[in-house]
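[1] Here is the input, now give the coordinates:
(one chain, ligands or ions: 2)
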Amino acid sequence: MTNVRRQLWLKAVEFHGHSCPGLAVGVRVALDCREEMDLTSRAKDEEIVAVAETDACGVDGIQSILGCTVGKGNLLVNRRGKNVFTIYRRSDGCGLRYCWKSRGLDGMTPQARTELFLEAPQEEVYTVTPARYPLPPRASIYPSVFCDCCGERTAEPWLTVRNGQMICLDCAGKPFDFSGRAAV
Ligand SMILES: [Zn+2]
Ligand SMILES: [Zn+2]
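    Numbers count the residues shown, from 1 in each chain. Ligands and ions are numbered 1, 2, ... in the order given. Next comes the predicted model:
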């Protein structure tokens, strides 16, 4: 691995909190994508957009290296239980879909799998094809208003009208939705 790639891997380990094969999946995709799509610097705004089909360790590699983050709105997590990452360049809409396929070999230590994922020839660890879906629209910024019931500031699309009042999801009795998270 080149020095630059090694440095970016170490930064991702620091961001994620530990070194693991799952992180190596996302880092490998991000490092290769960075070169293939000529994304030399981390996204400052929304110039790079990632759609992740998992919320497991690998997505932290995408965040750390490509600068696609939930807060900037250029990381969309669509949980489908797959180590699949589609990366777009907003300037021309070009998008590539990286589908991870390697599991490592039976009996390999996590450390050995991590190294394999970072170093193995591309065709052994993932496939890359054109994006299946067009570039997602830019992130929206919504005005916030005060909930008529609890008084907490809430972005408008998440308010509902009840008895002529604008109320938030909490006051409407809607529970948090963790249904996309697989049981462990
Ligand atoms: Zn991990
Ligand atoms: Zn409320």
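
[2] Name the residues of the chain found near ligand 1, please.
    Listed as neighbours of ligand 1 in the chain under the rule CB under 5 Å from the ion: C20, G22, L23, C57. No exception for glycine: its C-beta is placed from N, CA and C like everyone else's.

[3] any idea what sits nearest the last one, other than its immediate chain neighbours?
    Spatially, and ignoring its direct neighbours in sequence, C57 is nearest to G22 (3.0 Å; CB to CB, 6 or more residues apart in numbering).

[4] Okay, now the unreliable bits of the chain?
    Applying pLDDT under 70 to the chain flags residues 180-184.

[5] Next to ligand 2, which bits of it? Give me the list.
    With CB under 5 Å from the ion as the criterion, the chain comes near ligand 2 at residues C147, C149, C150, C168, C171.

[6] The fourth one against R153, yeah?
    No: using CB atoms under 8 Å as the test, C168 is too far from R153 to be in contact (9.1 Å).

[7] overlap in contacts of the two?
    Each of C147 lies in contact with both C168 and R153 under the rule CB atoms under 8 Å, 6 or more residues apart in numbering.

[8] okay, how far is it across stretch 35-55, tip to tip?
    Stretch 35-55 has its terminal residues 24 Å apart, counting by CA to CA, to the nearest Å.

[9] Could you list the buried residues of that stretch?
    Neighbour counts using 16 or more other CB atoms under 10 Å place 37, 39, 42-43, 46-54 of stretch 35-55 among the buried residues.

[10] what residues does that stretch touch?
    With contact meaning CB under 8 Å, 6+ apart, stretch 35-55 is reached by 33-34, 58-59, 62, 65-68, 72-91, 94, 96, 128, 133, 135-136, 138-139, 181.

[11] And for stretch 112-127?
    With contacts defined as CB under 8 Å, 6+ apart, stretch 112-127 is touched by 1, 5, 9, 19-21, 23-25, 27-29, 32, 98-102, 104-105, 108, 128.

[12] Mind giving me the PyMOL select for these, buried ones only?
    A single PyMOL command selects the buried members of these (16+ other CB under 10 Å):
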select buried, resi 5+9+19+20+21+23+24+25+27+28+29+32+98+100+102+104
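
[13] Which ones among the contacts of stretch 112-127 map onto helices?
    In this view, those that belong to helices under DSSP state H are R5, W9, P21, L23, A24, V25, V27, R28, V29, D32.
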